[in-house]
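Enquirer: Here's my sequence, what's the structure:
(one chain, ligands or ions: 2)
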Amino acid sequence: MQIEITSMDKYLNPTSVKEFIKLIEESERIVLTCHVHPDGDAIGSTLGLWHLLKAIGKQPSVVVPDVPPRSLRFLPDFNEIAVYTRHDPYCTRLVDECDLILCCDFNKPSRQDHLAPLIQEAKAPKILIDHHEEPDMDCVVQFSYPEMSSTCELVFRIIAACGLYSDLNRSAATCLLTGLITDTQNFTVNCKNPDVYEILTKLMEKGAEKDKIITECVKACSYNSLKLKSYAICDKLEIFPEHRCCLITLGRDELDKYQYEKGDTEGLVNEPLNIRGMVYSIFMREDPDCIKVSARSKHNFPVSKICGDLFNGGGHLQASGGEFKGSLEECRKIFIEHLSDYDKYLPKRIEKLEIKTE
Ligand code: 5GP
Ligand code: MN
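Expert: Ligands and ions are numbered 1, 2, ... in the order given. Next up, the predicted model:
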């Protein structure tokens, strides 16, 4: 295929690219880090860059706030990832001794939870590589592109712009394609830009293991996870027809009954959004330290606003989340009390909601 690689970097600021190249050239030990509860894009972008930096002779390390989900274990060299909650002294040493820190897929220190102080107080300069709105980070170079599908898309563009495309190997390509696939929900959202498919093609040419990503990361689940999600949809789905929204809540006893493990409810929040006429979907899960809220929408309905206003969170317009300190019932009540505040964002013309209630 004869695509000019440089056609991919039309969005990037050339000065930032030059500064990026200079900092990489000057650095040996490079830490790659991401947000808490890392997802496919967070791990895909950090581990993808890890493979690239290794290929060009650097000493990179991936340092993440907490354990990544089971679904990402298939990624090449996943075991190289240093987890702060498990190996605090090791992670601390890596950060203290590094020459450069690349902050991937998050826009503010608080998204790193308990890892934030270590990264914020580090001596090494930081570079931001992210696609969330309103970045608030103290970095020497900033690549912030909320219009991009994923941080992995942005990483690909940076690699291409730096002239490092030839160093991108199969492992790096598999990691980057993982973020592209997971953040676009398998190319269903945030992927209107045709460049995304050009990048997909380029990664496939590099040998990215697409089928493995789909099997391991999009489809595979445990028996208990399938049962938990089925139970949630059958018994716990509340619909608020006049507000075009729906809510699923899962409490500790329910999660325990299905021996909940991290990642088991992945994708659940998307399911009710398939109902014709539904505009947004909220999922609340009782985690040990907080109520974790996930929100998804269609028609540009700003669920990020709801998460920001009510649940101390944020994210993307149509895919966001937050954390609520209090009981699950309080969290549910607050949401229901404020439902009508957000009716003004519903689309003016919309298909009929396809539900029959008794
Ligand atoms: P998920 O629902 O998959 O956990 O998160 C979807 C998106 O919402 C994430 O990619 C992230 O951008 C955002 N998000 C999730 N949880 C939080 C949170 O606690 N705070 C903020 N600011 N954003 C979040
Ligand atoms: Mn992302």
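Enquirer: in the stretch 1-150 of the chain, which spans are strands?
Expert: With DSSP state E, counting those that start in this stretch as the criterion, the stretch 1-150 of the chain has strands at 29-33, 59-64, 82-83, 100-104, 126-130, 141-144.
Enquirer: any chance of those in JSON lines, plus mean pLDDT?
Expert: Below are the strands of the stretch 1-150 of the chain laid out as JSON lines (pLDDT from 0 to 100):
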{"stretch": "strand 29-33", "mean pLDDT": "99"}
{"stretch": "strand 59-64", "mean pLDDT": "98"}
{"stretch": "strand 82-83", "mean pLDDT": "98"}
{"stretch": "strand 100-104", "mean pLDDT": "99"}
{"stretch": "strand 126-130", "mean pLDDT": "98"}
{"stretch": "strand 141-144", "mean pLDDT": "98"}
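Enquirer: Select, out of the ones you listed, the one closest to Lys344.
Expert: Distance to Lys344, taken as CB to CB, is lowest for strand 141-144 among the strands of the stretch 1-150 of the chain, at 28.6 Å. For every residue, glycine as well, the C-beta is placed using N, CA and C.
Enquirer: Return the list of strands paired to that closest one, each annotated with direction.
Expert: strand 126-130 (parallel) (DSSP bridges).
Enquirer: how about the strand it pairs with, does it reach ligand 2?
Expert: No. Under the criterion of CB under 5 Å from the ion, strand 126-130 makes no contact with ligand 2; the nearest approach is 7.8 Å.
Enquirer: before we move on, back to that, output the strands of the stretch 1-150 of the chain as a markdown table; include the columns mean neighbour count and distance to Val303.
Expert: Output for the strands of the stretch 1-150 of the chain, formatted as a markdown table (neighbours: other CB atoms under 10 Å; distance: least, CB to CB, whole Å):
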| stretch | mean neighbour count | distance to Val303 |
| --- | --- | --- |
| strand 29-33 | 24 | 26 |
| strand 59-64 | 24 | 25 |
| strand 82-83 | 18 | 29 |
| strand 100-104 | 27 | 23 |
| strand 126-130 | 24 | 19 |
| strand 141-144 | 20 | 21 |
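Enquirer: Longest helix in this structure, please.
Expert: Counting residues, the longest helix found in the chain (DSSP state H) is helix 40-55.
Enquirer: Contacts (any at all) between ligand 2 and it?
Expert: Yes. For helix 40-55 and ligand 2, the contact criterion (CB under 5 Å from the ion) is met by Asp41.
Enquirer: Can you get me the start-to-end distance on stretch 186-205?
Expert: For stretch 186-205, the first-to-last residue distance is 19 Å (CA to CA, to the nearest Å).
Enquirer: doesn't Ala173 make contact with Gly207?
Expert: Yes. If you go by CB atoms under 8 Å, Gly207 and Ala173 touch, sitting 6.2 Å apart.
Enquirer: Which residues of the chain lie near ligand 1?
Expert: 39, 111, 132, 294, 313-316, 319-323 (CB under 6 Å from any ligand atom).
Enquirer: wait, which of these is closest to Pro302?
Expert: Pro302 has its nearest neighbour among the residues of the chain next to ligand 1 in Ser320, at 8.5 Å by CB to CB.
Enquirer: Up against ligand 2, what does the stretch 151-300 of the chain have?
Expert: Counting by CB under 5 Å from the ion, the residues of the stretch 151-300 of the chain near ligand 2 are Thr151, Asp183.
Enquirer: All the helices of the stretch 151-300 of the chain, residue numbers only.
Expert: According to DSSP state H, counting those that start in this stretch, the stretch 151-300 of the chain carries its helices in the segments 151-161, 170-183, 195-205, 210-213, 223-235, 252-257.
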